[in-house]
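Trainee: A predicted structure for the sequence below; I have some questions about it.
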Amino acid sequence: DTGVSQDPRHKITKRGQNVTFRCDPISEHNRLYWYRQTLGQGPEFLTYFQNEAQLEKSRLLSDRFSAERPKGSFSTLEIQRTEQGDSAMYLCASSYRQGLNYGYTFGSGTRLTVV
Amino acid sequence: KQEVTQIPAALSVPEGENLVLNCSFTDSAIYNLQWFRQDPGKGLTSLLLIQSSQREQTSGRLNASLDKSSGRSTLYIAASQPGDSATYLCAPGNQFYFGTGTSLTVIP
């Protein structure tokens, strides 16, 4: 287990289609995060899980977006009825909470282009 | 909500120069601060993680400092190299927020 894996690396979809991304965190990490990043901006928080529980969701996560982490291992992020404004890099990160001090490890991201 | 500001937004230096990148944040109730590097079109690579009990953390040519009381952190890069060209992002601990980064170009 060498890091956080995201699949696919690139996705091109037509407007209105649904897309699903997968993230496999580092196995011993119990927290998993989803971020969205557009050109020239820092990552924007979308949601995070501790084990299988989704503990926080950003207002950026509209009702077209849903994330799951069914067994506390991998996670999926689904976007329904994609819009051109959804085009971005979607980043996943994981961390292990030991006491109150822990850091993120990021995956390489999934680049979504909505045409 | 934590507000994170990184200055400068962009920096271009000749190879070999020492440089400092700045990160300021509004909520000082953090447990750590992490610096990342991002190459174009790629994910984030962790560079340094400073715990709140530490004032500095070093890795090779990189040195990061943290002053929680003033809401500031700096990343010092010694003897810059063209391979250091990337965007550098800071994340005040575990609060989900990032700055917009400093885009560094090191000219050979």
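Mentor: Received the coordinates, thanks.

Trainee: and the strands in chain A, which stretches?
Mentor: Using DSSP state E, the strands of chain A run over A:5-7, A:10-13, A:19-24, A:31-37, A:44-50, A:53-57, A:65-68, A:75-79, A:88-95, A:105-106, A:110-114.

Trainee: export the ones you listed to JSON lines and append columns for distance to B:Glu56.
Mentor: Where C-beta positions appear, they are placed from N, C-alpha and C, glycine not excepted. Listed next are the strands of chain A as JSON lines, based on distance: least, CB to CB, whole Å:
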{"stretch": "strand A:5-7", "distance to B:Glu56": "33"}
{"stretch": "strand A:10-13", "distance to B:Glu56": "39"}
{"stretch": "strand A:19-24", "distance to B:Glu56": "33"}
{"stretch": "strand A:31-37", "distance to B:Glu56": "26"}
{"stretch": "strand A:44-50", "distance to B:Glu56": "27"}
{"stretch": "strand A:53-57", "distance to B:Glu56": "31"}
{"stretch": "strand A:65-68", "distance to B:Glu56": "37"}
{"stretch": "strand A:75-79", "distance to B:Glu56": "35"}
{"stretch": "strand A:88-95", "distance to B:Glu56": "22"}
{"stretch": "strand A:105-106", "distance to B:Glu56": "22"}
{"stretch": "strand A:110-114", "distance to B:Glu56": "35"}
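
Trainee: let's have those strands in a markdown table, adding mean neighbour count and mean pLDDT.
Mentor: Output for the strands of chain A, formatted as a markdown table (neighbours: other CB atoms under 10 Å in any protein chain shown; pLDDT from 0 to 100):
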| stretch | mean neighbour count | mean pLDDT |
| --- | --- | --- |
| strand A:5-7 | 18 | 97 |
| strand A:10-13 | 14 | 98 |
| strand A:19-24 | 18 | 98 |
| strand A:31-37 | 23 | 94 |
| strand A:44-50 | 20 | 92 |
| strand A:53-57 | 13 | 91 |
| strand A:65-68 | 17 | 96 |
| strand A:75-79 | 19 | 97 |
| strand A:88-95 | 24 | 94 |
| strand A:105-106 | 20 | 90 |
| strand A:110-114 | 18 | 98 |
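
Trainee: out of those strands, the one nearest B:Ser70 is which?
Mentor: With CB to CB as the criterion, B:Ser70 lies closest to strand A:44-50 of the strands of chain A, at 24.5 Å.

Trainee: who's in contact with B:Ser52?
Mentor: Counting by CB atoms under 8 Å, 6 or more residues apart in numbering or on different chains, B:Ser52 touches A:101, B:30-32, B:66, B:68, B:93.

Trainee: which one among these gets closest to B:Ser103?
Mentor: Distances from B:Ser103 to the contacts of B:Ser52, taken by CB to CB, are shortest for B:Leu66, at 22.4 Å.

Trainee: count of neighbours near residue 14?
Mentor: Using chain A here. A:Lys14 has 8 neighbours, counted by other CB atoms under 10 Å in any protein chain shown.

Trainee: hmm, no, I was thinking of chain B.
Mentor: 9.
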